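1. Turn this into a structure:
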Amino acid sequence: MFAARQLSLARPVAGCRLFHASAPTLVKVGDKLPNVELMENSPGNKVNIAEELKSGKGLIIGVPAAYSPACSENHIPGYINSAKLKDAGKVFVVSVNDSFVMKAWGKTLDPTGSSGIRFLADPSLAFTKGLDLSFDGASVFGGDRSKRYALVIEDGAVKEAHVESDNTGLNVSAADKVL
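-> Model (predicted):
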């Protein structure tokens, strides 16, 4: 009644790997920042964090999503409300969102801008992937997102890397562990 069909098993092409055998590299101490443009407040306002932090101290806080509960209720408010923030240098929050969302989120969390934190958009993941800090967040966020992290920067290089091993948890990248 039904004709049996023989399926040919696809064989890998010589020299083509179908999986990654190496551990993820992630950003590490001593790495330079990716030389890419992010957006602040609007798509036309480009910011290059590598240029901004080429000398002096700075802090980059990466989050999976603006307005997500952990990001809005704990992670970023922990930095905004920390007395030690003033000693961190230039501070940036980076998320895989558009510039309008990041502008609105910054005004929600820090209405007067008194913390000095700048909220930057990485809509194409260029910065995030340059640090090897992206993950597949499709099941929760609809697509690839940034791991939660905090990078202490000195003279354009990573001095400390606080990256959450589970991508979205809030432990090693919390303000009280970084500042």
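2. quick one: buried residues of the helix or strand where Thr108 lies?
-> Under the criterion of DSSP states H and E, Thr108 resides in helix 99-109. Neighbour counts over helix 99-109 (16 or more other CB atoms under 10 Å) mark 99, 101-103, 105-106, 109 as buried. C-betas here are computed from N, CA, C, even on glycine.
3. Grab the two from the residues you listed that are most spread out in space.
-> The distance between the two most remote of those (CB to CB) is 15.8 Å, for Ser99 and Leu109.
4. quick one: contacts for Val152?
-> When contacts are counted by CB atoms under 8 Å, 6 or more residues apart in numbering, Val152 touches 57-59, 88, 158-162, 178.
5. Can you pull the phi/psi pair for the closest residue to Asn35 other than its chain neighbours?
-> In space, and not counting its chain neighbours, Asn35 is closest to Ala50: 4.8 Å by CB to CB, 6 or more residues apart in numbering. The phi/psi pair for Ala50 (degrees, to the nearest 10) reads phi -60, psi -40.
6. what does Asn74 give?
-> Backbone dihedrals for Asn74, given as degrees, to the nearest 10, come out at phi -130, psi -60.
7. Likewise for Gly156?
-> When read as degrees, to the nearest 10, the backbone of Gly156 gives phi 80, psi 0.
8. Hmm, it is touching Ala50, no?
-> Yes - counting by CB atoms under 8 Å, Ala50 is a contact partner of Gly156 at 6.4 Å.
9. Would you mind listing the residues touching both of these two?
-> Common neighbours of Gly156 and Ala50 (criterion: CB under 8 Å, 6+ apart): 32-33.
10. Any idea which helix or strand in this protein has the lowest mean pLDDT?
-> helix 138-141 (a mean of 66; mean pLDDT, DSSP states H and E).
11. right, and the helix or strand after that one?
-> That would be, after helix 138-141 and using DSSP H and E, strand 144-146.
12. after that following strand, next one along is what?
-> Reading on from strand 144-146 to the C-terminus, the next helix or strand found by DSSP H and E is strand 149-154.
13. which residue ranges form the strands in this protein?
-> Shown for the chain, the strands assigned by DSSP state E span residues 38-40, 42-47, 57-63, 90-95, 118-121, 134-136, 144-146, 149-154, 157-163.
14. Now render these as JSON lines, adding mean pLDDT and distance to Ser72.
-> What follows is these, written out as JSON lines (pLDDT from 0 to 100; distance: least, CB to CB, whole Å):
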{"stretch": "strand 38-40", "mean pLDDT": "97", "distance to Ser72": "19"}
{"stretch": "strand 42-47", "mean pLDDT": "96", "distance to Ser72": "22"}
{"stretch": "strand 57-63", "mean pLDDT": "97", "distance to Ser72": "9"}
{"stretch": "strand 90-95", "mean pLDDT": "97", "distance to Ser72": "11"}
{"stretch": "strand 118-121", "mean pLDDT": "98", "distance to Ser72": "12"}
{"stretch": "strand 134-136", "mean pLDDT": "73", "distance to Ser72": "20"}
{"stretch": "strand 144-146", "mean pLDDT": "79", "distance to Ser72": "15"}
{"stretch": "strand 149-154", "mean pLDDT": "97", "distance to Ser72": "16"}
{"stretch": "strand 157-163", "mean pLDDT": "95", "distance to Ser72": "19"}
